[in-house]
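A.B. asks: Okay, structure incoming, though there's no sequence with it:
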């Protein structure tokens with residue numbers, strides 16, 4: 001790939017929303033280390049910018065992501081970043097919501113990238129799967145850890161052991177995908193969903209993201225205390241009073257993010 005061509009593109013098409021586009025369409029948007037580092041930088045910027053509330057990740061050229069660039073991997077060039085791990089997001093996710101907008105293929109690390117996101121929008125002709133086992137590899141980028149928590153155990157096991165890939169329509173039926181769209185409309189639908197999220201109180205959204213991500217693994221006796229620690233900043237935020245006042249005055253709230 002020409003090093004002058006950026007591996008990721010970022011834009012802010014709507015208030016409070018950033019779109020991160022994987023821009024290696026000649027490699028089906030597969031990741032090498034440079035792409036993972038670029039993603040880590042983009043996610044850091046998203047997390048640190050108080051004006052940004054939601055990120056949308058998509059792929060250029062009509063496909064989402066084919067996972068690790070296997071040609072690069074032969075030379076030891078693995079898609080790992082220094083802090084956030086695989087693909088620059090998979091291990092350490094941001095404290096704000098991320099939406100995957102999927103067209104074409106989301107295979108191997110591509111599906112694992114979707115699983116690192118909080119919401120998934122996909123076109124009806126998209127295809128998803130973790131084909132690693134069929135190539136004598138193992139889906140260690142979160143596929144084996146997160147997929148059984150999102151779809152039924154036996155179906156997650158079938159995907160893991162056979163390496164099959166399934167249409168987005170099936171994953172939507174199973175509840176993994178939030179919105180199913182006509183081909184070519186995943187990004188626009190993801191932006192509509194992002195606008196709805198961005199319209200909510202920013203501190204409340206951040207707290208909700210953290211609790212929902214962890215709730216599956218928390219034992220119930222400790223869950224209340226752990227939840228309280230995460231939601232305390234939202235309950236003490238200025239926006240909480242604004243939300244209540246706006247409701248009482250029957251108007252749209254004006255969030256400050258404080």
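C.D. replies: That came through, no problem. Keep in mind that this is a model prediction, so the values were computed, not measured.

A.B. asks: Run through the neighbouring helices and strands of the helix or strand bottoming out on mean pLDDT in the chain.
C.D. replies: When each helix and strand of the chain is scored by mean pLDDT, DSSP states H and E, helix 238-248 comes last, with a mean of 75. In terms of contacts (3 or more C-beta pairs under 8 Å, 6 or more residues apart in numbering; DSSP states H and E), helix 238-248 is packed against helix 202-215. For the C-beta atoms, the positions are set from N, CA and C on the backbone; glycine is no exception.

A.B. asks: next helix or strand past the helix it packs on?
C.D. replies: Downstream of helix 202-215, the next assigned helix or strand under DSSP states H and E is helix 220-235.

A.B. asks: What's the mean pLDDT across that next one?
C.D. replies: Across helix 220-235, pLDDT averages out at 81.

A.B. asks: Show which residues not belonging to it make contact with it.
C.D. replies: Outside helix 220-235, the residues that touch it by C-beta atoms under 8 Å, 6 or more residues apart in numbering are 201, 203-204, 206-207, 210-211, 214-215, 218, 240.

A.B. asks: Make TSV from these and add distance to residue 26 and neighbour count to it.
C.D. replies: Formatted as TSV, the contacts of helix 220-235 follow (distance: C-beta to C-beta, whole Å; neighbours: other C-beta atoms under 10 Å):
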residue	distance to residue 26	neighbour count
201	42	22
203	41	22
204	41	18
206	37	22
207	41	21
210	37	19
211	40	18
214	38	13
215	40	12
218	43	14
240	48	15
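
A.B. asks: what would those residues look like in JSON lines with distance to residue 70?
C.D. replies: Shown next, in JSON lines, are the contacts of helix 220-235 (distance: C-beta to C-beta, whole Å):
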{"residue": "201", "distance to residue 70": "43"}
{"residue": "203", "distance to residue 70": "42"}
{"residue": "204", "distance to residue 70": "42"}
{"residue": "206", "distance to residue 70": "36"}
{"residue": "207", "distance to residue 70": "39"}
{"residue": "210", "distance to residue 70": "34"}
{"residue": "211", "distance to residue 70": "37"}
{"residue": "214", "distance to residue 70": "33"}
{"residue": "215", "distance to residue 70": "35"}
{"residue": "218", "distance to residue 70": "37"}
{"residue": "240", "distance to residue 70": "49"}
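
A.B. asks: got the phi/psi numbers for residue 55?
C.D. replies: Torsion angles at residue 55 (phi, psi; degrees, to the nearest 10) stand at phi -120, psi 140.

A.B. asks: Contact partners for it?
C.D. replies: 17-20, 43, 46, 94, 96-99.
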